[in-house]
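Participant: prediction below, plus the sequence it came from.
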Amino acid sequence: MRVFVVCFLFFLFLIQGSVLQWLLPQAWGTSFVVIPQLVLSGIVMLSLYGDEQMAVLFGFGFGLLHDIVYGPAWGISAFSTALTAYAAVLVSRHFPPYPWIAGLTNMVVQWIHLFIIYGWFRLFDFTQMPFFPAISYHIIPSVLFNVVCGFPIYFLISRIYRKNEQNTIQLFG
């Protein structure tokens, strides 16, 4: 099962870095920039069903992969993805993984992740964009796009976990 999860997250990583770049508004010349983070949505949905160690390790691993391939410095996405995956695990301890809980958790986690990334980029002077234009032109469109794209990911992961749950035998419970 973990091999499938890693392959699925790697597939999302490839999709967000290749195919989606041609379909997003910035490729058409608009002022809005959508930052696709399908891997983060996948990790959030996995953390609603899995344990905290798996979520944090997947978050750190795929965040570091994102830093190596796209980032100006190593560790920024790794830290923020692992932190937000842990936050999603904390939510999953208190609420069942209903679709609206998953969507709300994904939205909050996307906000937190993008604010952390923006804060680190401002701190290390990788960007000079002021706060309010960053919110209106980058963060809000990105969060909306990633929440909409997160629902098919949620339904696929919940179906896999329900199918896997039916194939297991529980003793004493």
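Facilitator: It's in.

Participant: which strand or helix spans the closest residue in space to Gly150 that isn't next to it in sequence?
Facilitator: Nearest residue to Gly150, sequence neighbours excluded (CB to CB, 6 or more residues apart in numbering): Ser41, at 3.8 Å. From N, CA and C alone the C-beta is placed, and that goes for glycine too. In this structure, Ser41 sits in helix 38-49 according to DSSP states H and E.

Participant: that helix: what's the following helix or strand?
Facilitator: Next along from helix 38-49, by DSSP H and E: helix 52-70.

Participant: and that following helix, what's buried?
Facilitator: 54-56, 58-67 (16 or more other CB atoms under 10 Å).

Participant: and for the residue nearest to Gly150, the neighbour number?
Facilitator: 26 (other CB atoms under 10 Å).

Participant: that older thread, which of the buried residues of helix 52-70 sits closest to Phe32?
Facilitator: Checking the buried residues of helix 52-70 against Phe32 by CB to CB gives His66 as the nearest, at 21.4 Å.

Participant: in space, what's closest to the closest one - neighbours in sequence excluded?
Facilitator: His66 sits nearest to Ser77 (CB to CB, 6+ apart), 4.4 Å away.

Participant: show me which helix runs longest in this protein.
Facilitator: helix 140-166 (DSSP state H).

Participant: how about that one: buried residues?
Facilitator: 141-143, 145-147, 149-150, 153-154, 157-158, 160-161.

Participant: ok, Val143 - contacts?
Facilitator: 107, 110-111, 114 (CB atoms under 8 Å, 6 or more residues apart in numbering).

Participant: so it versus Phe124, what's the distance?
Facilitator: 23 Å (CB to CB, to the nearest Å).

Participant: wait, Asn164 touches Met1, no?
Facilitator: Yes. Counting by CB atoms under 8 Å, Asn164 touches Met1, with 6.2 Å between them.

Participant: contacts only, for the residue nearest to the spatial centre of the chain.
Facilitator: Residue closest to the average C-alpha location in the chain (CA atoms, centre = their mean): Leu40, at 1.2 Å. Contact analysis of Leu40 by CB under 8 Å, 6+ apart lists 59, 81, 84, 109-110, 113, 146.

Participant: chain center to the helix or strand encompassing Pro133: distance?
Facilitator: Assigning secondary structure by DSSP H and E places Pro133 in helix 131-134. The chain centre lies 21 Å from the centre of helix 131-134; the measure is CA atoms, centre = their mean, to the nearest Å.

Participant: what packs against that helix?
Facilitator: Judged by 3 or more CB pairs under 8 Å, 6 or more residues apart in numbering; DSSP states H and E, helix 131-134 is in contact with no other helix or strand.
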